[in-house]
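**Student:** The following block contains a protein sequence and its predicted model.
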Amino acid sequence: MKLIHRLPQRPRGEAAFTMVEIALSIAVVAFAMVAILGVLPTGLQVQKDNREETIINADGTYILETIRSGYDRAGLLDDAIYMVSVNYRNGNRQIISAPNNQPLSSLAVSDGAWDPQWLVGLLSTPKSLGNQGVSNVVVWARALNNTAIDRDAEARDTAFKYRMIVEVEPTLAYPPALTNSLGTNDYRRVINVQQGLHEVRLTMQWPLFNDQVTQTERAQVGTHRRTFRTQIGGSQRFFQTNVLGSDQILFYFQPSLY
């Protein structure tokens, strides 16, 4: 006679998770989710800042090359810049803009007098070294190197925008006090160097908001700043023309020296 020994079987309820274990698991997952959600805003902000800095670097490089060559090869400036203010040392300023913050390229449709190359001449305006004349040129622009959606006319109020201060001034080869002791030939060399070498400085400020054309003094910018500097060899040629009903002197760089 065989004796069959059966192992005792556990009740089915003992093989499942208890309510305490489930509560602990939910608590661990919830704690991890709170930590992840807390990091997300920081990650999105870092991504936004990196994107804006990439755009600023690309735009600054392009604008410097445009001023250097005297020609907007890709034709991006007129579609991005919607207001230009030429500021004078006596406090006056001359504002060139399109209605309703439209890009300056729209002036070619509404007013056939607008020439896209005038914008390059305005950006190349040299800074006056005396108490009179031009102090700087300030530009309000939407990003040149941006997505097609942001460059659409309907997205002009939500697209990434910045303000740019352009300063062009001749390089001082010698301090003025030292040129008094130079001979005639040496002094001419100094003058040739100063006329043939200019420093260009772009100060980019972003983000831009409250930038209404009719109230430019209320325009505000964020805390981000980036400065681009370069030296351009060559003299400047200039001519006076009528820009939208106002006399304006436009400047362009050329490689030859006086």
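**Tutor:** Perfect, thanks for sending it. Numbers count the residues shown, from 1 in each chain.
**Student:** how about stretch 157-171: buried residues?
**Tutor:** Of the residues in stretch 157-171, 159, 160, 161, 162, 163, 164, 165, 166, 167, 168, 170 count as buried by neighbour count, 16 or more other Cβ atoms under 10 Å. For every residue, glycine as well, the C-beta is placed using N, CA and C.
**Student:** Can I get that stretch in PDB, CA atoms only?
**Tutor:** Once non-C-alpha atoms are left out, stretch 157-171 reads as follows in PDB (Å, rounded to 0.1, in the frame of the first residue of the first chain):
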ATOM      1  CA  ASP A 157       3.000  89.300 -32.900                       C
ATOM      2  CA  THR A 158       4.000  85.900 -31.500                       C
ATOM      3  CA  ALA A 159       7.300  85.400 -33.300                       C
ATOM      4  CA  PHE A 160      10.700  85.800 -31.600                       C
ATOM      5  CA  LYS A 161      11.800  89.400 -31.800                       C
ATOM      6  CA  TYR A 162      14.800  91.400 -30.700                       C
ATOM      7  CA  ARG A 163      16.200  94.900 -30.700                       C
ATOM      8  CA  MET A 164      19.600  95.600 -32.200                       C
ATOM      9  CA  ILE A 165      21.900  98.600 -31.700                       C
ATOM     10  CA  VAL A 166      24.300  99.200 -34.600                       C
ATOM     11  CA  GLU A 167      27.400 101.400 -34.000                       C
ATOM     12  CA  VAL A 168      29.900 102.000 -36.800                       C
ATOM     13  CA  GLU A 169      32.900 104.200 -36.100                       C
ATOM     14  CA  PRO A 170      36.400 104.700 -37.700                       C
ATOM     15  CA  THR A 171      39.300 103.000 -35.900                       C
END
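**Student:** low pLDDT regions in the stretch 101-250 of the chain?
**Tutor:** Across the stretch 101-250 of the chain, the ranges flagged by pLDDT under 70 are 108-113, 153-154, 156, 172-195, 211-218.
**Student:** Which stretches in it count as strands?
**Tutor:** Using DSSP state E, counting those that start in this stretch, the strands of the stretch 101-250 of the chain run over residues 134-142, 161-170, 197-209, 220-233, 235-243, 246-254.
**Student:** who touches residue 158 in this structure?
**Tutor:** residue 150 (Cβ atoms under 8 Å, 6 or more residues apart in numbering).
**Student:** Please report how far it lies from residue 151.
**Tutor:** 12 Å (Cβ to Cβ, to the nearest Å).
**Student:** Please apply the same query to residue 58.
**Tutor:** 14 Å.
**Student:** cool, residue 224 as well?
**Tutor:** Residue 224 is 21 Å from residue 151, by Cβ to Cβ.
**Student:** That'll do, ta.
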